[in-house]
Structures are given as structure tokens and as C-alpha cells.
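Novice: got a predicted model here, sequence first, then my questions.
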Amino acid sequence: MYKPKTKETDSSVIEFIEKVDNLKKREDAYKLLDIFTETTGHEAKMWGPSIIGFGTYHYKYESGHEGDAPLVGFSPRKAKISLYFTPGDKRRAELLQAFGKHTSGKGCVYINKVADIEINVLKELINRSFKFLRETYPDNDEK
């Protein structure tokens, strides 16, 4: 049976950010921490060793695969900063066109620095991801 690798931990978000080697990336991590906290109203939690997540939901796929995940999050990785939003929102592609300099994968959006993006679009992506996941998985208790 599949066991999710990325789980919520009790590790300190601040201690994790303080260990980010690149000073500019560390400053951006603090900016993102403020933006995500303010926008979501949720306390930041560490998920696995390197993802800062906000809120949580329980998913279960038709295949039987299930687990818990943050509603949104980010990670200040060495190469780029990864932003985690749901890929299911129909407006995501439209919002990303106005987002600023980025690349994206299925579930992640990658940026070099916060100065490259439009903060209001970031907030809209966060809000839409929250709304979409709450509607898709309505049986979750608020955590």
C-alpha cells in the first residue's frame, strides 16, 4: 500500500527558513510566509523536510490512494522557489498569464524571486486553490 512521504511535522518553520543559505531567497521566504499567512488565515506548518504548508485536506482518489496535504504552500529550494497550488482550478492558467516570470509543472509553479511576480495574482491563486480544494473535498474538518 502507498504511504505518502510528505506529512505534516512539528518542525519549526522559522528554523527551516533561517537555514536557507541564499540571503535573498531567505528574505523572499519570509515575504511569502507573510503573504500566505495573511491570505489564508492559517498558521504555517512544515510538511516533510522542506515544504511550508497552510491548511490541510484529506484526499482520496478512485484508485484508493489517499492522504493528507496542505491546501497551499511553498518551498524555497536551491534552484527556484516552488509554489504549491491545486492544478484543478479552471482559472489557474488564466491567472498565471498575469502572474509574472515563472515556469510551471502539474502542481507546482516555480519562481526565481518574489520581485518577479504580481502579489495580487499570487493572493488570487492562493484563494482560488483554497476554495477549489474545499469544494472538491467538503468533508474535511478545519485544522
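Specialist: Done, it's in. Numbering: from 1, shown residues only.

Novice: quick one: low-confidence ranges for the chain?
Specialist: For the chain, residues meeting the criterion pLDDT under 70 lie at 1-5, 140-143.

Novice: repeat that with 50
Specialist: Within the chain, the stretches with pLDDT under 50 are 1-2, 143.

Novice: which parts of it are strands?
Specialist: 44-47, 51-54, 57-60, 66-69, 72-76, 81-84, 103-104, 108-111 (DSSP state E).

Novice: next, format those strands as TSV and append distance to Asp28.
Specialist: No exception for glycine: its C-beta is placed from N, CA and C like everyone else's. Below are those laid out as TSV (distance: least, Cβ to Cβ, whole Å):
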stretch	distance to Asp28
strand 44-47	15
strand 51-54	12
strand 57-60	26
strand 66-69	23
strand 72-76	7
strand 81-84	6
strand 103-104	16
strand 108-111	8
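
Novice: among those strands, which is nearest Arg128?
Specialist: For Arg128, the closest of those is strand 72-76, at 9.7 Å, according to Cβ to Cβ.

Novice: start to end distance for stretch 84-95?
Specialist: Distance between the boundary residues of stretch 84-95 (Cα to Cα, to the nearest Å) amounts to 14 Å.

Novice: how about the helices of this protein, start to end?
Specialist: Secondary structure of the chain by DSSP state H: the helices cover 13-18, 23-40, 92-97, 119-136.
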